[in-house]
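**Student:** Let's see this in three dimensions:
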Amino acid sequence: MNKQNGLTLLHILIGIVLIGGVLIGIKVYQNHQATLEAKAIAAKEVADKALKDAAAQKQKQLAAEKEAFEYKAAQEAKKAEFFKSFDVLADTVKRWDDAVTLASSTPRMSLPERIADLQKIKQDTEGLMVSLCLSTPKSILLRSMGSTIDGFLIFLHNKDHMGDLLSTDPMATGQSLRAEFGKGFSDCKEGIENQ
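**Tutor:** Residues are numbered from 1 along each chain as shown. Reported below is the predicted structural model:
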């Protein structure tokens, strides 16, 4: 029986060792599974963060593209507004130049009608709404028109038969201001075209 007790005890010890090994194996397996799950969760979080970052970056890019598009559209609208007022002012200047040419070749007795035409063009010019860039050239043009009209009036009145002589200075001033207007007008157009 001693032998049998020894075997039984040996079997019990082997059983305990096997059960202990199985329990240790289960615990190692569970730890390994937990590590794998933790790595999978960490990888998913990294992937989710990368997706969020990519989405945020795409949103920023879209916002920047929208802002650039809106800026360009605003610039194009400003250009269109400028060229509209530029064309209106250019037409007015053409009318003015034609009227001055006509008035310059008109006899003194018929000049009042031509001066009235010049005054009407000047009044029309005063009422023109122009872009900011054209406001200074417009102001110079109005001074040119005023000086030219003054020259024609002095010539018309011919005070002391000196109308030819006395009208020279205002007419020269009008021509000088007209040239200054032309430069400012062209510079403004060139500046807008180069934007």
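
**Student:** what packs against the lowest-mean-pLDDT helix or strand in the chain?
**Tutor:** For the chain, scoring each helix and strand by mean pLDDT, DSSP states H and E identifies helix 163-166 as the least confident one, at a mean of 76. The elements that helix 163-166 packs onto, with contact taken as 3 or more C-beta pairs under 8 Å, 6 or more residues apart in numbering; DSSP states H and E, are helix 132-157. Glycine gets a C-beta too; all of them are placed from N, C-alpha and C.

**Student:** still on that earlier bit, what's the angle from the helix or strand immediately after the least confident helix or strand of the chain in the chain to helix 132-157?
**Tutor:** Heading C-terminal from helix 163-166, the first helix or strand you meet, by DSSP states H and E, is helix 168-193. In this structure, helix 168-193 runs at an angle of 160 degrees to helix 132-157, with axes from the mean of the first three to the mean of the last three C-alpha atoms, to 10 degrees as the basis.

**Student:** For Asp98, identify the helix or strand it belongs to.
**Tutor:** Using DSSP H and E, Asp98 maps to helix 2-104.

**Student:** which strands and helices sit next to that helix?
**Tutor:** Contacts defined by 3+ C-beta pairs under 8 Å, 6+ apart place helix 2-104 against helix 111-126, helix 132-157, helix 168-193.

**Student:** ok so, going back, now do the least confident helix or strand of the chain: everything it contacts.
**Tutor:** Arg108, Ile154, Phe155, Leu156, His157, Asn158, Lys159 (C-beta atoms under 8 Å, 6 or more residues apart in numbering).

**Student:** Which one of the helices and strands packed on helix 2-104 lies nearest to Ile14?
**Tutor:** Nearest to Ile14 among the helices and strands packed on helix 2-104 is helix 168-193; the distance by C-beta to C-beta comes to 98.8 Å.

**Student:** Which strands and helices lie in contact with that closest one?
**Tutor:** Packed on helix 168-193, when contacts are counted by 3+ C-beta pairs under 8 Å, 6+ apart, are helix 2-104, helix 132-157.

**Student:** most tightly surrounded among those helices?
**Tutor:** Per-residue neighbour counts averaged over each of the helices and strands packed on helix 168-193 give the maximum for helix 132-157, namely a mean of 19 (mean count of other C-beta atoms under 10 Å).
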